[in-house]
Every structure is written in C-alpha cells, then in structure tokens.
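> No letters, just coordinates:
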C-alpha cells in the first residue's frame, strides 16, 4: 500500500509503497477514506526541534482519519467489517489511575497514532478496536475524519456549559474555528473571536461569530463595550499566543472561566494576583478528548446542526500532500483533508 | 387605575377601579405594558380548592409582567424612572439560609406576587426594586412579560448542560413548549416531545422538536428506537401527569437526568428500585428561577436566537380577560398575553 | 476445593467439594482469605421470590471478598501472583455507552459475581483481572473483604461533598453503618442516624453518629430541633423503608440532597410536589461503586482514619455459614465475615 | 473609645482616643472582643508601596473580629443587641452581576473593612447588618475572630471535595496552617505540607499534616514517593512563592486540581504547556469567602472537630500591638490575636 512516511531524520516526507498491516488480537484494519493535516504533522514535516526529539523514523504520519473496517482480528466484539469509523488518536494504557477513573484523556502512558505508531496518511491503518468510533454515513468523509481535532474543540469549549453565555475565542486556527462553530450550536449568547489574520476572521464570521477583532488593527477593549463593561463569561484560548492568553485573563469577568488549549512556545509570564486570584476565576488546561464522552457529545452536536463546512477549505489527493503543507505553513487555510 | 381583582371568595374576577399604589422605601411603581396568564391565575379564577386555601380577597392577580418604571421610592439605587423591566415574582426574604447561599429560589419565607401581594393584572404594580430585571427594549412586551414563566423552563432545562444531548420533554403546555425552544437553542442533539393534545404537538414542532409523540395514539416506546435503544440523556417532566413521570423514568438512560417541574395532583406511586436506584439517575425538583442567574442566562438565550413566537398564540386587551381564561380552560392556546 | 453452593432450587446452601477453577485469558485465580455476607446472599439462602427468578443452580454464592492471587492467565499485565486483592463484583461489559463514558457502575450489561458467575464463598474464585483492586496488607482481611459493600456507602455518601454539612442517615444496617463512618471521617458537621433497632443504633453511635433516633419510640421531628429548624443538608436513605424515604424528603432542607440507596419492596407513594419539586432538591439513585474512583477514594479514607471495626460484629469459619445467616435474619449483627 | 489608627502617611500606627461610631440605617455597632492581625495589616503598618497606594489616613485598621452587638440601627431585622457575631470583611455592593448570581466574593465594587472603612482594631466598630455572622458562644473569642481568615482557607481548600484525596499544601503561614486543619477534618487521605520555616512546619505537624518538607533542606520529589509516583490529587498554594507555585503544578497528578491563594509579588513565569495544558488540570484562583456558604461550612467544620488551637500562638492586649507586628515580621508566630 502507499503511505506518507518520515523516512529519514530530516525535513520532508515521502510517499512510498509499504506492506499493508495485519490485525492482531483486539485490532482492526481500516481502509482510510480521508485523513486531515494537523499542526503536529506540520512539525514533523518541517522536522523542527520538537519533532527531532519525539519521532523515530521510519514512521507513517497522520492521526485524524475516517474509513471502512476491512479486517477484524481475534477478540474484537464491538466492531465489524464494513463499519464506517473514525478513531481516537490517543492509545491509552487502560490501567493507570487516570484510565481507571474516567480521565483516560490524560493517561500517564498514552501513545499517539502517527507518532508512536504508524498513522493514517496511508491506504490502510491498524488500530486497537477500543479506540474506534462508529460514525454515521450521513457524515461525509471530509467531515468524519475531522472528529478528532473537532473533539479537541468540543472538549475545550464544553468543559463547562456555554448556553446563554458570552464567549471570547482567541485564535482562529482550525481549533478556534471549530470552537466558534460549537459555541454557536451550543447557544452562546455572544461570540467574539480574535486573530491576527483577516482571512481567518472571515472564516470565523462565516461560522457564526458575532464580532471579530484583529488585535493588530482593532482595539481589544471593544470586548468590554460589547459586554456592557462586564467582560465575558468564558474565554477560550486557542492560539498559544502569550498576548492572547493575557487577553483571556483580562476580558473574562470576575468568577468566569478560562480554557487554555493553544500551546505557547516557552514560558508565559503571568500576573497571577490580578489575572487569576483576585478575579476568582477557574482555568482549565485542556488536551485531547474525553473518552468517549466527547465523541458522543460531538455526534449530538452534528444532529443539532453543527456546521463545520467553512473550515474545510481544501481537499486534495494524498499524493499532493506537499501543497497541503504549504497551505498550512502560510496559514491560508482552515483544514486540509487528504484522500488516500 | 383599573385592576383585575378577586373581590369575593367565589369563582370569577372583576375589573375594577382601585387606588394606584405608591412607592415606599426600596420600592418602585411599574406601568404594566403586558401581563400573561399562568395556570396559577386560572386556579384563582376557577376558585378551586388550592385557591380557596391560599388567596385572601381582595387581591389583584398576575405575576408575569413587563413595563416601564414610573416612580422610584427612597433607597433605590439600581433602578431609574424610564427603565423597561420585567420582575421576579418570588419576593424572597433575603436572610434565610437559602437566600444567603445563592439558592433564594427556594427561600423558606418567600411571598408571591399576585398571591400574597397585589399583582400585575392592572395598570400599575408596586414592586421591591431588588426583584426587577432590566430588559432590552429590543424584546417586545408580549415576549418580555414571559421571561418569568420562560425562566422556569430555562431553569428546568439547563440545571445541567443540554448541548449535544438527547432530550425527552413530557407535556407541551407553555413551560414544555418553552423548554423545547430552550433545548433547540442550547444545541440538544435530539428533542422528542409528548403530549395528549395534537394542537400542542403542532406548536412544539414549530419550536423545533425533532419528533412528537401523542401517547393516546402513538407508541411511547418509539423513544427507544429514536435513541438506538439507549434512552435519552435527559428527561424534562413538564406536565405533572403520573404516566408522563413514569415515562421519564423509563426512557432516561442509566446514569441520566430527570427534571421534575410539572405539578402532579396528589401522590404518585414510584418503583424507586427500578426507576431511580438501579438506573443510577439524578432527579431534580425544580421550582422558580435561580436569582438572578436564570435571568442572565435567558438574556443570553434571546441573543442566541431563542424563538418563542409560536408560544404566544393570543394577545388581548385586559378587559377581555374572560376570553383568555376560556382559552386556558380548553387548552387551545400557548400563552395568552393581556395588555392593561 | 470447598464451595458454598446453591445446589437445588430450594432454601438453603451446601458446602461441597468442587473443582478448583482455572484462569483463562485476562483472568486470575484468587485464594479467598475472607468473604462477607450480604443481604443478597441471604435472599439466595432463603430462596425468596427474587432469588427464584434470578439464580440458576448450581451456583457458588458470594461477592464480597479479599485474597491472594495464586494464578494469572494470559494477557494479564496489571496483576501478579502474590498480590493481595479485593474485587469489584460488577463484571461490566466495557463497550456500552455507560462503560465508555465513565459510568460503568450502571453498565447496561453487567453480570454479578456470585449470581451470574461462581462467587467467593469458596477456597478459590476466578475473576477477570480488570475487576481486581490491589489492597494494602495493612488492612486486615476481615476489613479488606468489606471494601465492596463499604464502597456502596462511600458512593452513596460522597456523591456530593459532606464536609461541614449536616446529615441524616435513615437505616443502620451495614450500609447505613458504613455511611455513618464515612460521614464522620469526611467531617460532616452533624450526623443523625435512625433505625428501629436499638442494637443497631448502638453500633452507629460507636461509629460516631452525634444523635440517634428510634422512630418507634422517639420523635423524628427532633431532626428539626437539632438543625435549628433548617433541616439537614443531606439525607442518606439506606433502609428501603417507605417511612424512612418520606423522612428523608421531609427533613432535608430546601435545596438539599437526598441519596436513595436502600431498596424498597414494591412501589412507594410520593408527594412529588411538596417532597421534591417545591423544595428544589436533588435526588440521587445510587447503586454499586464508581469504577474505580470509589475504590481509590476508599483507600484514601482508610488512610484518613476511617474506622469500620464496630461494624464487623462476627467472624466465622466458612463451615459455620448457617450461624451467619441466622444472625443476618435476626438483624443482631453488623457484618458477618466468613473465612474459607 | 480607643482605636488603632494609621494617622499619617508613614510607617507605624497609633493607639488614640476617637469618637465611638453610631449606627445608621441597616447598620449595627459591635463591641469588639477580639481582633486578629493579618498580612494586610502588616503591609499598612510597614507602609509599603501597596499600602501607600491604597490607604487614605486617618484610618482605623483591622478586619478580623468578633464581638457583641451593642446597638442596632433602623431597618435591621436579622440581628439583635446581645448577639455574638463575627463579620465578613468584604462589604459587597449587592447589585453587580457577581452579587446577583451568588458570587459576591468577587463583587466588582466591594469595599474592605479596615481599608476603605474604619476597622476592628478598636473598642467598637460599625458594620452593615448584612455582613454579620452570628456565632455560637461555644467558640471562644480568640477563635471566633479568626473565622474571616479561616474562611479563606475553607474556601481555598474545599472549592472541590478533599475527602479521601491526597493534598499538598505549599506555605504554612496562617492560611496554610488553617488549610491543613481543614484538610485533616475533611478526611484528606494524605496531607503533605511544605515551608522554608521549620517553626511553621512544627505547627502544621501539630495540626495533622502527615509529612512536612522544607525545600531548603529536603527533596521536594519525596511528594512523588509518598504518592506512589502518582502525584497528589490536590495542591493548595498558600504561599505566593513562585517556586512553590511550580511545585504545585509539578506534583499535582494529571487531571488534578491546583488552588492558587497565596499572592506572588510581581509576575510568575509559567510553562503552561507542560504545567497546565498537557496535564489537563483545573486551576482555581481563590479570594475571600463565598457569601455565606463558606461561613455555614465553617460552622459545620467546628462541629466536626476542626481544631485551630495550635495556630493561635499569641494573644495580646490591643495596646501591645507593636509586639504583635514584630512577631508577624519575624514569622515566629501563627496568628496573633489582640483584645481591645
């Protein structure tokens, strides 16, 4: 089969023929119908410092996928050949404290698809049956493969209730865009989104944001005007940018909630007294998806009319992966979906 | 001024001229623009057993209102003449355990407008400043006066998160209808509503219910089919009907939530073992509105697009109150709004 | 090996020699050191209606146990020969909605040890590795085997915080006694316990209850006096007695919490309006133990000084099981522990 | 009457004769029986940068008190002459979003006793009736006056449940000491406390900490050994020291809770990715006491046996206030209580 492989410890990826995987006990083989690019994949492509320390070539990349189950190994009860599935990319250990108490998303020992195991940028991928998520065929493949990254945003946005609340979303990359769509579907009373890219602010507007702010050209203090001087109930930090993090702390109201999802590079200097303590706020660090509560919730959101179409700005055959990474590098895209 | 008064301990109400109230310390006078009929008002009109034990004539009825502040007494800081307001109808004591710990909606000593104090079915009403809720003039009076009953449904529906969840609503009187509208705006994944009136099922369909069931003619077990055999995440009991209460317990999934809001007449026989305990569910008894969290939440819901227009089936001048009560008696209405 | 077996569909049990079980994939064999009697076992012993409909002889009974792991089957990573363990008695399916969302205690398909599978009233028992709970050898066997029923009480009592709160416990059978011990360790501000047996009220007093009430001879309204007319923050119903259920609803304060754990026979007639709805309370149906959050919590409670010694009123060798059941029948015991 | 007054914008305080205050509408006069010194008072005494920017002399200091009500103004219903009371020191506005939604502890407009109004280091103090807290005379004055600072620790420690959980407390000043006492009473499974003062570690040991660590001489990584490599469930940061803040983030387990109460000077540099986001933790900024939930909770804790005696290391007559501040400056004390 064809697979997109980091063959050597250097920038770039190669599309090569490799052996099709086989299913062992508790495992299944999925014929990949669509797989989308994530920032992580881009780190691996560029071979930055993080990638050099984490990836051991050869490795097939890719962890956002959907496809058809074509083979089922021994001891698999819940999945059958022919099922249309997506997959949780965190391969959790099942025996640590976190796994045993309903917090497997922060499993102490989890492995990641496309990083620690061969991934989904290929015709076939092998997966443990327990991470598969049966998906309605009403959801087209270019959306179905996005359930993994979209789940991040569902988890980040809905760690507490949004209905009727005012929300600031800082950062309109894919997870920020998804968060806006989720907030809209969840009945947020006011959605303000900020980004330094007018292109992305256009996308978030199409997803239902009430107001957009480009901090390069606009005054972020308009958040206070838009909330009658109260500040927002909820701030979702989806950028990792230190300025945006401070804006979340500044513009959330006393007693409000800040969710941190975006990954800053390096340390961030925080005035804990005035930004967190005296405001009496709650701060959630969010990673991954709650297993499998987030996935069920997302299925419900699709039924409720969740519209992520504007986020899928580009679809390409797998062999044109380099074009995809160029788009990601330039930030001139929402999500790029590849079809193997 | 004119007021709708229970003048004698017998059925009926009279529209009479009475003295306009004056504002004491901490009080304001509101010129009523709209006031809607509640089941409670109908009990008083019919002079049933409950009304006979609770109401001491003469009493101006009415507790769902909006209007303009026309007079402000001493020691009122937060409200000004000219404000457009609705009002919380529970006049709480402010000093009991519940009031001091953020649960004033279950104040041990609260008095009710239109029952314990003269109410809003009149040209003017006197109210403590602290129960007023400033309302945007973007909301027309026939909706603004409905915030009080609508708040009941907001409280009942959103005592836990609905976003992405499946919901069964039993009973499509006004509070059930409102609950359906709230669930729709909140992004519920599936809304199933039941009632024995096809007229009301038509209204709930217009408010966004995905499926309606008339237990007289349809099989309630379709709830299981519609949820892939799982049952619903949430059941909202808005009817007070014993059969409906059992349906909520039956069709909620293990570990789910049942909210009880509808008031049954008399006792209800419950199989606690199988309906509650072994299912591991949570049951919430809901009354009134959280002060003032529910009101803020509702303001956000309106901004999110909450549409209650189909519920307001009839608007009448105050003097045609008898027509209003006839409609309520027949159940051929959503909400009836009177204009004094 | 010797096992205590329901051999025929009739009252009684027989201690017989049977084949020692062997461990399959994912399974282990435990040499039972202690196993305690539960009300369920007594139902099976008496062969009441429930038992007749549920148990298919031959069946070794018993589901509360501790012991040493003596054999480990293939594919078991987390347990080793020589481990001292207790066991979760609910053998959950792992694939249903509840199991996949952290609510396996209400798994739709669970099987129960000693009912659906051969149990622990024997020298050896076979168990899936995933239900085992490694236990500190600091905890003596007669306490270690009680973690399963004690976990019920931990779950029931701590479904919400008890620290600093006032608590009414109705029913001082073993789970009520355990609940009192848990409430004491959790820093409840006031613990009132009721039972119709003065013997059991003596036990609960020894476990730290501040006040005991025998509703046959005392006035239950003393709950109001003891709480300055407020009622309790939390009522834990551990008896299944309808009068006690009503007392929980009556004596919990507005906005409080009622936990239902005791299993009533038949239906209970409830005044939902005044007992639940207008009081604005939360009612939790509780069954089993949260997997494995409750078990971790319990380990912490033991470290915090949880003292259950007064509950273990009788220890007997397995062959004297009939004496144990006599004690249970008379209610003249706390927990009866058998040593195989 | 005598009062301890910041008379001029310079270091120090003077004990002077001033006019006794009189009660206006909604106010009461309390004869102060005991008033304790807080870090804030020490800032004012030293006249540091914060004090210079915040305090406008002349001002009687002091905000931790208890005493007898000796005069009641008009419109006070809930308090009578002769009541023994403590007082909430945050004089909240009552009309902002936070005050109206049960979060008055983060009121946007609150004033502080002893800072914005004349305080309790005097024979008499004037207070709004609504901030008073009736206290059992079973609690001696030197403990009753400590309910305000103790409430901070109750709020910080119990913002989530501690029962059965492992806890790290960084910083054993008075609020850290109080937090340890609360955690002990709440049934924490393991309490580890750290401070750089062996004197204070001795105090926390007397309050029930299981293990103490002096980071100057001991290895903080022993937290991991003491928790079997898991880290703690909860970290309570009570010092404001940046190293301690990082220790909280480092030693809390994935999915755990960090409460920030101690006030750092200046900014703190945080590795949000690894300290918060990837760990999936919740961080609470805590200030003040929940009105009046925390006070009720504290009353329950006293009944549950909360022992704060070891914290009250020094009691002095008001005129020896300078000795008290010397003790605070040297850190050779728990709480210093003054008797006017």
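In hand now; what should we look at? Bear in mind that the values here come from a model prediction, so they are computed numbers and not experimental data.

> Contact residues of the stretch 1-150 of chain A facing chain C?
A:25, A:75, A:77, A:78, A:95, A:97, A:100, A:101, A:102 (C-beta under 8 Å from any C-beta of the partner chain). C-betas here are computed from N, CA, C, even on glycine.

> Would you list the buried entries among those residues?
The neighbour count (16 or more other C-beta atoms under 10 Å in any protein chain shown) marks A:95, A:97, A:100, A:101, A:102 as buried among those.

> ok, which pair from those is furthest apart?
The distance between the two most remote of these (C-beta to C-beta) is 14.0 Å, for A:95 and A:102.

> Arrange the residues of the stretch 1-150 of chain A next to chain C in JSON lines, one row each, with secondary structure, pLDDT and distance to chain B as further columns.
Below are the residues of the stretch 1-150 of chain A next to chain C laid out as JSON lines (DSSP: H, G, I helix; E, B strand; the rest coil; pLDDT from 0 to 100; distance: C-beta to the nearest C-beta, whole Å):
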{"residue": "A:25", "secondary structure": "coil", "pLDDT": "92", "distance to chain B": "28"}
{"residue": "A:75", "secondary structure": "coil", "pLDDT": "89", "distance to chain B": "24"}
{"residue": "A:77", "secondary structure": "coil", "pLDDT": "86", "distance to chain B": "17"}
{"residue": "A:78", "secondary structure": "coil", "pLDDT": "91", "distance to chain B": "14"}
{"residue": "A:95", "secondary structure": "coil", "pLDDT": "93", "distance to chain B": "23"}
{"residue": "A:97", "secondary structure": "helix", "pLDDT": "97", "distance to chain B": "22"}
{"residue": "A:100", "secondary structure": "helix", "pLDDT": "96", "distance to chain B": "18"}
{"residue": "A:101", "secondary structure": "coil", "pLDDT": "96", "distance to chain B": "16"}
{"residue": "A:102", "secondary structure": "coil", "pLDDT": "95", "distance to chain B": "12"}
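
> how does chain A divide into domains?
A:2-146+A:308-339, A:153-285 (automatic domain parsing).

> Which stretch among those domains is buried most, on average?
domain A:153-285 (a mean of 23; mean count of other C-beta atoms under 10 Å in any protein chain shown).

> helix or strand for the most centrally placed residue in chain A, which one?
Nearest to the mean C-alpha position of chain A, by C-alpha atoms, centre = their mean, lies residue A:149 at 2.4 Å. Under the criterion of DSSP states H and E, residue A:149 resides in helix A:147-158.

> what about that helix and chain D, touching?
No: remark: helix A:147-158 sits outside contact range of chain D, by C-beta under 8 Å from any C-beta, the gap being at least 9.4 Å.

> so for that helix, what's the average pLDDT?
Helix A:147-158 shows a mean pLDDT of 98 in the predicted model.

> Distance from the chain centre to that helix, please.
6 Å (C-alpha atoms, centre = their mean, to the nearest Å).

> for stretch A:160-167, same thing?
Using C-alpha atoms, centre = their mean, the offset of stretch A:160-167 from its chain centre is 20 Å.

> Can you give the contact residues for that stretch?
For stretch A:160-167, contacts defined as C-beta atoms under 8 Å, 6 or more residues apart in numbering or on different chains pick out A:157, A:182-183, A:186-192, A:227, A:230, A:232-236, A:257, A:282, A:284, B:154, B:158, B:161-163, B:185-187, B:296-301, B:304.

> Tell me the spacing between residue A:28 and residue D:318.
77 Å (C-beta to C-beta, to the nearest Å).

> Check which element follows the helix or strand residue A:126 falls within along the chain.
When elements are assigned from DSSP H and E, residue A:126 belongs to strand A:124-128. Using DSSP H and E, the helix or strand that follows strand A:124-128 towards the C-terminus is strand A:132-134.

> how far is that next one from where the chain is centred?
17 Å.

> Could you tell me which residues of chain A lie near chain D?
A:97-98, A:101, A:103, A:105-108, A:230, A:245, A:253-255, A:260-261, A:263-264, A:266-273, A:276-288.

> Go again with 7 Å.
Neighbours of chain D within chain A, by C-beta under 7 Å from any C-beta of the partner chain: A:97-98, A:103, A:105-106, A:108, A:230, A:253-255, A:260-261, A:263-264, A:267-273, A:276-287.

> Leaving out the residues flanking it, which one is nearest to residue A:131?
With sequence-adjacent residues excluded and distances taken as C-beta to C-beta, 6 or more residues apart in numbering or on different chains, residue A:131 is closest to residue A:88, at 4.2 Å.

> In terms of pLDDT, where does that neighbour sit?
So, for residue A:88, pLDDT stands at 98.
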